[in-house]
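Asks: What shape does this take:
(2 chains)
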Amino acid sequence: MNCEELRTIVGAEPNSMNPEVLAHLESCQECTRYRQELQTMDQLIYRALAVDAPTEASTLREKRKSNTTGVWRMAASVFLTVLIGAMSLWLLTPRQSFAAEAIEHVTHEKFSLVRTSETVDEQRLEQILAVSRLRLKPGAARVSYAQSCTFRGQQVPHLVVQTEQGPVTALVVTDAPTQQPERFDEDGFQGEIVPAPRGVIVVLGNNVPVASVAKTLLDSLEY
Amino acid sequence: MPLRADVFRFVYWLCRDRALAEDVVQETLLRAWRSLDSLGDEKAARPWLLTIARRELARVFERKRLPIVDIDVANEAEPESMAVNDRHEVEDMRRAILQLDVVHREPLVLQVLLGYSTEEIAKHLDISVAAVLTRLFRARQVLRQQLLGAEGSRP
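Replies: Residues are numbered from 1 along each chain as shown, chains lettered A, B, ... in the order given. Okay, the predicted model is just below:
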């Protein structure tokens, strides 16, 4: 793969994990810089796209303001809002446990679960955490993989931390109800969901102790 | 309400009009509620809703000729709390995205905002994976060029 071919691929998928792309990047600093530039631009694109969405209450207020034909339109508006509320509630009712969804997500990106001595560039890690308004104290953990992933409808930092016993995945879910600590052991993954200052942190791995990673992240992440 | 917000943002970036997007979201949820039985897999709720929203917006476009959107009006004001440089960057990017052709804007929204894979975008738009990659590449190329221009023109 030459530089031009790589830039065509990365221009469409800046986070491409295509093995040929990765192999080229290892030996080409200019293309590595180009990809980082595009990944930074993607963070900006994400922030630009994430416009404020109206809440149901504000929608109802707007409807009231523009109501010119009396009670029936108001009644219809209220009915619609109740209906939408019921619909949203139905769609948002958890049908799958947090743990199961985390395992499904990690399985989808299982290529990240490798033992490696390489770590993610600090600037990139900072950018990914910044999307969720987070910072990690420098040098606190050996992070070998970092992506901003869509999880439960929100952007979530998906990190892989290297430990002596193997890689441990951490999903820092900032927009979730804080809950009591929970342990799980499903589909070959063992993990913990721990309450955090905002939301929770889910840590999981294959036969790897995860508690120390949860503690490290809780101690080192600035919310 | 992340799911509702996702649908709203998706529609907003297609039509570039907040009021219209809100109406389309309400109509989408209403239609979805009526045809709840057609949702086989509950995990597929989001793509299902986005497909309904896309059809609903197309219906609106078919019914009436919509006014041309003023890009400066469509561009959202950023909260004061955001640092000035940061705000400029986001505003410039938003303006650049609003100027993108919808053919390039839609796959970009699906990929960057909603986390769709290239294959999922191809399925959603009913086009080939190669066509999706071309559109995404072109979208980023245009944005990059526009942003470099915006940086140069800012005092």
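Asks: can we go C-alpha only for contacts and neighbour counts from here?
Replies: Fine.
Asks: The residue nearest to B:L143 when sequence neighbours are not counted: what's it in contact with?
Replies: The shortest distance from B:L143 to any non-neighbouring residue, by Cα to Cα, 6 or more residues apart in numbering or on different chains, is to B:A96 (6.0 Å). Residues near B:A96 by Cα atoms under 8 Å, 6 or more residues apart in numbering or on different chains: B:L143, B:Q146, B:L147.
Asks: ditto for A:E122
Replies: Neighbour list for A:E122: A:P138 [criterion: Cα under 8 Å, 6+ apart].
Asks: switch to 10 Å and redo it
Replies: A:E122 makes contact with A:I128, A:L136, A:P138, A:G139, A:V143, according to Cα atoms under 10 Å, 6 or more residues apart in numbering or on different chains.
Asks: helices or strands up against the longest helix seen in chain B?
Replies: Assignment by DSSP state H gives helix B:129-153 as the longest helix of chain B. Secondary-structure packing of helix B:129-153 (3 or more Cα pairs under 10 Å, 6 or more residues apart in numbering or on different chains; DSSP states H and E): helix A:3-12, helix A:29-49, helix B:84-99, helix B:102-108, helix B:118-125.
Asks: got the buried residues for that helix?
Replies: Neighbour-count burial for helix B:129-153 flags B:129, B:132-140, B:142-144, B:146-147, B:150 (criterion: 16 or more other Cα atoms under 10 Å in any protein chain shown).
Asks: Ok, stretch A:154-164 next?
Replies: Per 16+ other Cα under 10 Å, stretch A:154-164 contains these buried residues: A:Q154, A:Q155, A:V156, A:P157, A:H158, A:L159, A:V160, A:V161, A:Q162, A:T163.
Asks: Now for B:I127, how many residues are close by?
Replies: 12 (other Cα atoms under 10 Å in any protein chain shown).
Asks: In chain A, which residue sits nearest chain B?
Replies: Of all residues in chain A, the one sitting closest to chain B is A:A12 (4.1 Å; Cα to the nearest Cα).
Asks: Kindly list the single helix or strand of chain B that scores lowest on mean pLDDT.
Replies: helix B:71-74 (a mean of 57; mean pLDDT, DSSP states H and E).
Asks: rewinding a little: out of the contacts of A:E122, list just those in helices.
Replies: Per DSSP H, helices hold the following members of the contacts of A:E122: A:I128.
Asks: Whichever of the contacts of A:E122 end up buried, select them in ChimeraX.
Replies: What follows is the ChimeraX syntax for the buried subset of the contacts of A:E122, where burial is set by 16+ other Cα under 10 Å:
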select /A:128,136,143
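Asks: Which pair of the contacts of A:E122 spans the longest distance?
Replies: Distance extremes for the contacts of A:E122: the farthest pair is A:I128 and A:G139 at 16.0 Å, using Cα to Cα.
Asks: that older thread, format the buried residues of stretch A:154-164 as TSV; extra columns: distance to chain B and pLDDT.
Replies: Supplementary listing: those in TSV, determined by distance: Cα to the nearest Cα, whole Å; pLDDT from 0 to 100:
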residue	distance to chain B	pLDDT
A:Q154	7	73
A:Q155	8	80
A:V156	11	90
A:P157	13	93
A:H158	13	93
A:L159	16	95
A:V160	19	94
A:V161	23	94
A:Q162	25	93
A:T163	29	92
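Asks: Could you verify that A:P14 is part of a strand?
Replies: No: looking at A:P14 with DSSP: H, G, I helix; E, B strand; the rest coil, it is coil, so not inside a strand.
Asks: and it, how many neighbours?
Replies: 21.
Asks: still on that earlier bit, could you list which of the buried residues of stretch A:154-164 belong to strands?
Replies: A:Q154, A:Q155, A:V156, A:P157, A:H158, A:L159, A:V160, A:V161, A:Q162, A:T163 (DSSP state E).
Asks: how about the strands in chain A?
Replies: Counting by DSSP E, chain A has strands at residues A:135-136, A:143-151, A:154-163, A:166-173, A:182-186, A:189-195, A:200-205, A:221-222.
Asks: Quick check: mean pLDDT of the last one?
Replies: By that I understand strand A:221-222. In this model, strand A:221-222 has a mean pLDDT of 93.
Asks: So what touches that strand?
Replies: Contacts with strand A:221-222, where a contact means Cα under 10 Å, 6+ apart, come from A:L129, A:R133, A:L134, A:R135, A:L136, A:K137, A:P138, A:A140, A:V172, A:A196, A:P197.
Asks: Please report how far B:Q146 lies from A:T150.
Replies: 27 Å (Cα to Cα, to the nearest Å).
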